[in-house]
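Engineer: Task: produce atomic coordinates for the following.
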Amino acid sequence: MTVLVHTKRELEAQPKTGLRAVVMTMGALHEGHATLVRTARERAGAEGTVVVTVFVNPLQFGAGEDLDRYPRTLDADLMLAAEAGADVVFAPGVDEVYPGGEPQVRLSAGPMGTGYEGASRPGHFDGMLTVVAKLLHLTAPDVAFFGEKDGQQLALIRRMVADLNFPVEIAGVPTVREADGLALSSRNRFLTTGDRAGALALSRALFAGRDARAAGAAPSAVKKAAQTVLEAAGSGIALDYLGLIDPSDFTGIDREDFTGEAVLAVAAKVGATRLIDNVRIRF
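Structural biologist: Residues are numbered from 1 along each chain as shown. This next block holds a predicted model:
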C-alpha cells in the first residue's frame, strides 16, 4: 500500500528498509513519470523503498511563467505512483519546504546554468538545484532517478552531487515518447489539436540530426539536418534554441573533431506552450 505524507516528520516515520530510491516530480504525473517509478522499483527491489516527491517549486518559476497554471492533480498522481510501485508519496506544502518564507541561502548553478534553458529562464536552475538539494536531504536516498528529457537539469544535478559530495547516485532514465515521437510532458495537456501536430516538428528535427550522425555526419551537419526540419515547420514553431551540446559542461560543440556523447537539444513555443526535448548522440 502506498502511503501519502505531507510533512518531514511523517516522512521520517516511514520504515527505512533496503535500498532507498527517490523520484522527484512536480506532479501532473504521466507515463514518463511512471517509467521513472518503475525503474526505481526495479532497482530498489522487493526489500527496498521507493519515494516519489510531488512539489511544485515556486523558486524555479520566473516572472510571467506558468506557476499558477501548472496542473495540480494529487489524487491522480497518487494513483499513478501507487500503480507504478511507489511505497511513499511525499507531497509537502510550500511552508513545509520553505519554512519562514523563501530561503536566504540558495545554490547557484554557476556557468553551466547560464546557457540554453538558463538563458531563457534566468534563475530557474538556481531554484531547481536548491529544492533538489533540500529534497535529497529530506528523503535521504541511495539513488535518485531523473528523466533525460530535461537534459540540462540532469547535467546540473550530477555536477552538484559531484561538486558538493552528496552521498547519492544520480541515474538518468531515457525519454518516454508517444507513438508519433512527441516527448511526454505535463505541459502537453495545454496543446490544442493543431499545436500538438505542429509540436511533432521538434522530435522530427532531433531524429533527423540523429539519423544524420548515424550516416556519418560531423557535428555541424547534424545540427544543420535538425535546423532544416524546424525551418520547414513554418511559423507555428517559435524556436528558442537548437544546440548540439557537450553534456559534461553544457557548452555548445563547435569542433568538427569532437568525440564522445553529445546532446542535441531544442526548445520552442508551440502556440502558447513552451516545450523542450533532446536526443543523445555519440561521435
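
Engineer: got the residue ranges for the strands in this structure?
Structural biologist: 3-5, 20-25, 49-54, 88-90, 143-147, 169-173, 237-246, 251-252, 261-270, 273-282 (DSSP state E).

Engineer: so which of the ones you listed gets nearest Gly198?
Structural biologist: strand 261-270 (5.4 Å; CB to CB). In short, each C-beta sits where N, CA and C put it, glycine included.

Engineer: The closest one vs strand 273-282, what angle?
Structural biologist: Between strand 261-270 and strand 273-282, the angle comes out at 160 degrees (axes from the mean of the first three to the mean of the last three CA atoms, to 10 degrees).

Engineer: From the centroid of the protein, which residue is nearest?
Structural biologist: Relative to the mean C-alpha position of the chain, the nearest C-alpha, by CA atoms, centre = their mean, is the one of Asp150, at 3.4 Å.

Engineer: ok, how many other residues are close to the spatially closest residue to it that is not a sequence neighbour?
Structural biologist: Distance criterion CB to CB, 6 or more residues apart in numbering; nearest residue to Asp150, sequence neighbours excluded, is Ile276 at 7.1 Å. Neighbours of Ile276 under the rule other CB atoms under 10 Å: 22.

Engineer: Which strand residues bridge Ile276?
Structural biologist: Here Ile276 sits in beta bridges with Ala267, as judged by DSSP bridges.

Engineer: which residues touch it?
Structural biologist: Applying CB atoms under 8 Å, 6 or more residues apart in numbering, we find Ile276 in contact with Glu117, Lys149, Asp150, Ser185, Ala265, Val266, Ala267.

Engineer: nearest to Val105, of those residues?
Structural biologist: Closest to Val105, out of all of the contacts of Ile276 and judged by CB to CB, is Glu117, at 23.0 Å.

Engineer: Quick check: that closest one touching Val263?
Structural biologist: No: checked against CB atoms under 8 Å, the pair Glu117 and Val263 is beyond contact range at 11.8 Å.

Engineer: Write the PyMOL selection for whichever of the contacts of Ile276 are buried.
Structural biologist: PyMOL command restricting these to the buried ones, with burial defined by 16 or more other CB atoms under 10 Å:
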select buried, resi 117+149+150+185+265+266+267
